[in-house]
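Q: how does the following fold in three dimensions:
(chains A and B)
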Amino acid sequence: MKFVDEYRDAAAVRRLVATIAARVTRPWTLMEVCGGQTHTLVRTGLDRMLPDAVTLVHGPGCPVCVTPLEQIDRAIAIARTPGVTFTSFGDMLRVPGSDTDLLAVKAAGGDVRIVYSPLDALRLAERRPDREVVFFAVGFETTAPANAMAVWLAARRGVRNFSILGSHARVPPAIEALLADGARVQAFLAAGHVCAVMGWDEYEPIAERHRLPIVITGFEPIDLAHGVLAAVTALEAGRHGVENVYARAVTRDGNVAARRLLAEVFEDCDRAWRGIGTIPASGWRLRPAYAAWDAERRFDVGAIAPREPAECIAGAVLRGAARPDRCPAFGTRCTPDHPLGAPMVSSEGACAAYVHVAALA
Amino acid sequence: MSAGVRDAAAGLACPRPVSGYAHIVLGHGGGGRLTQRLVDDVFARAFANPALAPLHDGAVLRVGAGRIAISTDTFVVTPRWFPGGDLGSLAVHGTVNDLAMCGARPIALTAGFVLEEGLALDELERLVDSMAAAARDAGVPVVTGDTKVVDRGRGDGVFVNTTGVGVVPDGITIAPARAAPGDVVLVSGTLGDHGIAVLSVRDGMGFESAVRSDSAALHGMVGALLAALGGDVHVLRDPTRGGAASALNEIARSAAAGVAIDEASLPVAAPVQAACELLGLDPLYVANEGKLLAFVPAARADEALAVLRAHPLGRAAARIGHVVADHPGRVVLRSRIGGRRIVDLLSGEQLPRIC
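A: Below you'll find the predicted structure:
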């Protein structure tokens, strides 16, 4: 397939890996921020083809993993409300809340549906004025523009039975927080699709302040190998700064129309990251003008008292501070069939990824 | 005429009214005249064959030498009509294929229908006609059946169960446990067509696509393979729900052997690959309804591949991997770029990812 196969070419990947191996003179630790990149690394086995001196740690960029338990419990409570049609991307349905998950709510008679776009949820609301249609708006800067568009359209068209339960996260404050927390990471691979929307001006002060390379790259094996090569080259040369190796999708200013819409609909807010804690200004919430489409305000589901499983070390995993297989519950009390924490649920999650690696070893 | 009653003069086509009702009513399942008319006008008419003709409580069949194979499957696909097939033809192909995967020559099918009150009779007739046509094309008669009607809201229009009986010739033993190190794994064509075709017309997921379901009866191709290789066919499996990945895992576990597959060799049609890329799905886990996986000794793999490719349903057949003594019970994929990963069973359904 054009524009895909070229970036999965085995010979080109081998050449890049060989160049990385030739260039690296000492151990380096890189963090790939985005869950989509983790997914590719695991699916293609690229992480295990890299020289031993290059260690990749998975970052907090799995939207499923970092959605706070409280918000999942709230989603479950709203989905159980009579008259509500609760819509979500597929992989949120299996994430365990304190007591249950959305799939179980569906099985118990709740109207829970998978959609591929918030715009599908908006259409559903327009078709079914007798239902309250709620969309679980989870994700990073990549998915936020479509959520903003759905709310903006709902406002323009006066669709009153549509709302979003938001859990938006922004990458740069998370990188900043990890570094402030003493993360032992010497370079970052930044998420191409986040930067395709936002551009990269937010990353320059971070690279400058912490004197480290941040390489923007994509999601195909060649993109990732290219990103690692750029990061290693910069590290070996003692350079820092932002470098974009994903020029086919990312420009300095990003998607200006999307950014304008985001600024119109959302404002920055402090946000809790599951397993990490609250990071200042790391989320987006609806501006007051759009409060009528905020499911949190629309549905009073009472007090939410989330209870994290005591042994789950998801927080340390998401900070890159612990390897999943060091968790006492890993592979025994916590498996993809019975996940204790979110990183074991999604195929982008670091713990689920490690299950497969452990089986190969 | 009341609203629920069919206007027989409305269409130019010859009307086949079942006591005037345009929709299934509870009385169609009551065992009385309405039931009888439904059986006569819809089922017996469409499936007409000598074994069914007596409309007795069961069918009596003559069976030649060999062992009997029995398989049953229930069909609840949504939507009932999709590009390349429908619930009716699928109900025939699915069970015929399950028999064929046992190495059996299918000889008869039963059909059980659970109808929801309110189902349009016209749609039922079209489904049954499609089912009858598929049975005729496959040369496997539907010899007995059953109908139940459930209250509106207690079903999803129509569910169909088919049970099939077949005869396995002596000397043929097809079983997952027979997969042995050294076997080559063949697939009879492209992967994922059925699942993507159904997804492309599913409510809320509709997208424009040229992908058609591969729904087809495979016993002809299996017959050709068995005629050529006989007892050297070790395992056959149609990778339906859960796709090739799940089928290979089940075989690896049964045989306590490892299966190694090569991503670059997997045949996937370009539109299916494109849809999977967009939707975040892996074609290895997407359902097929007209494909088979065959495990044969390496020495006979080329011959088996030639037999598959000579059949109209097997033109895109390919060699995708082999059985190894390493990693027993596990399927390991060599990625396009040369890395390795475990291809595991999914925990539940394949759920689309966020990004």
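
Q: which residues of the stretch 51-200 of chain A lie near chain B?
A: A:63-64, A:89-94, A:103, A:113-116, A:120, A:124, A:138-140, A:142-143, A:193 (C-beta under 8 Å from any C-beta of the partner chain). (C-beta placed from N, C-alpha, C; glycine too.)

Q: 7 Å - rerun?
A: A:63-64, A:89-91, A:93-94, A:113-116, A:120, A:138-139, A:142-143, A:193 (C-beta under 7 Å from any C-beta of the partner chain).

Q: and the residues you listed, which of them are in strands?
A: Here DSSP state E is the test, and those give A:Arg113, A:Ile114, A:Val138, A:Gly139 as lying in strands.

Q: closest to chain B out of those residues?
A: Nearest to chain B among those is A:Gly139, at 5.5 Å by C-beta to the nearest C-beta.

Q: name every strand pairing with the one helix or strand A:Thr87 maps to and say which way it goes.
A: Assessed by DSSP states H and E, A:Thr87 sits inside strand A:84-88. Its sheet considered, strand A:84-88 pairs with strand A:111-114 (parallel), strand A:132-139 (parallel) by DSSP bridges.

Q: can you give me the buried ones in the helix or strand just after it?
A: Per DSSP H and E, the first helix or strand lying C-terminal to strand A:84-88 is helix A:102-107. Within helix A:102-107, the residues that count as buried by 16 or more other C-beta atoms under 10 Å in any protein chain shown are A:Leu102, A:Leu103, A:Ala104, A:Val105, A:Lys106.

Q: measure how far helix A:102-107 is from the centre of its chain, please.
A: Distance of helix A:102-107 from the chain centroid (C-alpha atoms, centre = their mean, to the nearest Å) equals 23 Å.

Q: one more: stretch A:56-66?
A: With C-alpha atoms, centre = their mean, you get 6 Å for stretch A:56-66.

Q: and the end-to-end length of that stretch?
A: 19 Å (C-alpha to C-alpha, to the nearest Å).

Q: now it: mean pLDDT?
A: On average, the pLDDT along stretch A:56-66 is 87.

Q: show me what it is in contact with.
A: A:29-35, A:38, A:41, A:47, A:91-92, A:95, A:138-140, A:169, A:171, A:174, A:185, A:191, A:273-274, A:276, A:314, A:318, A:320, A:342-343, A:345-346, A:348-350, B:354-355 (C-beta atoms under 7 Å, 6 or more residues apart in numbering or on different chains).

Q: go on, stretch A:285-295?
A: For stretch A:285-295, using C-beta under 7 Å, 6+ apart, the contacting residues are A:78, A:134, A:151, A:154-155, A:162-166, A:265-267, A:269, A:297.

Q: could I get the buried residue list for that stretch?
A: Here stretch A:285-295 shows A:Arg285, A:Leu286, A:Tyr290, A:Trp293, A:Asp294, A:Ala295 as buried, counting by 16+ other C-beta under 10 Å.

Q: how long is that stretch from one end to the other?
A: OK, stretch A:285-295 end separation, C-alpha to C-alpha: 11 Å.

Q: mean confidence score for it?
A: Rounded mean pLDDT across stretch A:285-295 is 98.

Q: got it, and stretch A:243-254?
A: 96.

Q: ok, it near chain B or not?
A: No: contact of stretch A:243-254 with chain B (C-beta under 7 Å from any C-beta) is absent, the minimum separation being 13.5 Å.

Q: next, the distance between the ends of that stretch.
A: So stretch A:243-254: terminal residues 14 Å apart, C-alpha to C-alpha.

Q: again with stretch A:302-316
A: 30 Å.

Q: mean confidence score for it?
A: Mean predicted confidence for stretch A:302-316 is 86.

Q: what's the helix or strand hosting B:Asp73 in contact with?
A: Using DSSP H and E, the element containing B:Asp73 is strand B:67-75. The contact list for strand B:67-75 (C-beta under 7 Å, 6+ apart) reads B:87, B:90-91, B:94-95, B:98-99, B:102, B:104, B:159-168.

Q: quick one: buried residues of the strand holding A:Thr87?
A: Buried, per 16+ other C-beta under 10 Å, within strand A:84-88: A:Val84, A:Thr85, A:Phe86, A:Thr87, A:Ser88.

Q: out of those residues, what pair is the most spread apart?
A: The largest separation in the buried residues of strand A:84-88, counting by C-beta to C-beta, is between A:Val84 and A:Ser88 at 12.2 Å.

Q: returning to that earlier point: now rank the ones in strands among the residues of the stretch 51-200 of chain A next to chain B by neighbours and give me the top one.
A: When neighbours are counted by other C-beta atoms under 10 Å in any protein chain shown, A:Val138 leads those with 28 neighbours.

Q: ok, that one touching A:Gln71?
A: No: A:Val138 is beyond contact range of A:Gln71, at 8.1 Å (criterion: C-beta atoms under 7 Å).

Q: mutual contacts of the two, please.
A: With C-beta under 7 Å, 6+ apart, A:Val138 and A:Gln71 have common neighbours A:Ser167.

Q: could you pull out the strands for the stretch 251-355 of chain B?
A: Along the stretch 251-355 of chain B, the stretches classed as strands by DSSP state E, counting those that start in this stretch are B:258-262, B:293-297, B:318-324, B:331-334, B:340-343.

Q: check the offset of the longest one from the chain's centre.
A: Put plainly, it is strand B:318-324. 23 Å.

Q: for stretch B:67-80, same thing?
A: Worked out by C-alpha atoms, centre = their mean, stretch B:67-80 lies 7 Å from the chain centre.

Q: can you list the buried residues in it?
A: By 16+ other C-beta under 10 Å, the buried positions in stretch B:67-80 come out as B:Ala69, B:Ser71, B:Asp73, B:Phe75, B:Val77, B:Arg80.

Q: stretch B:36-53 too?
A: Buried-residue list, stretch B:36-53, by 16+ other C-beta under 10 Å: B:Arg37, B:Leu38, B:Val39, B:Asp41, B:Val42, B:Phe43, B:Ala44, B:Ala46, B:Phe47, B:Asn49, B:Ala51, B:Leu52.
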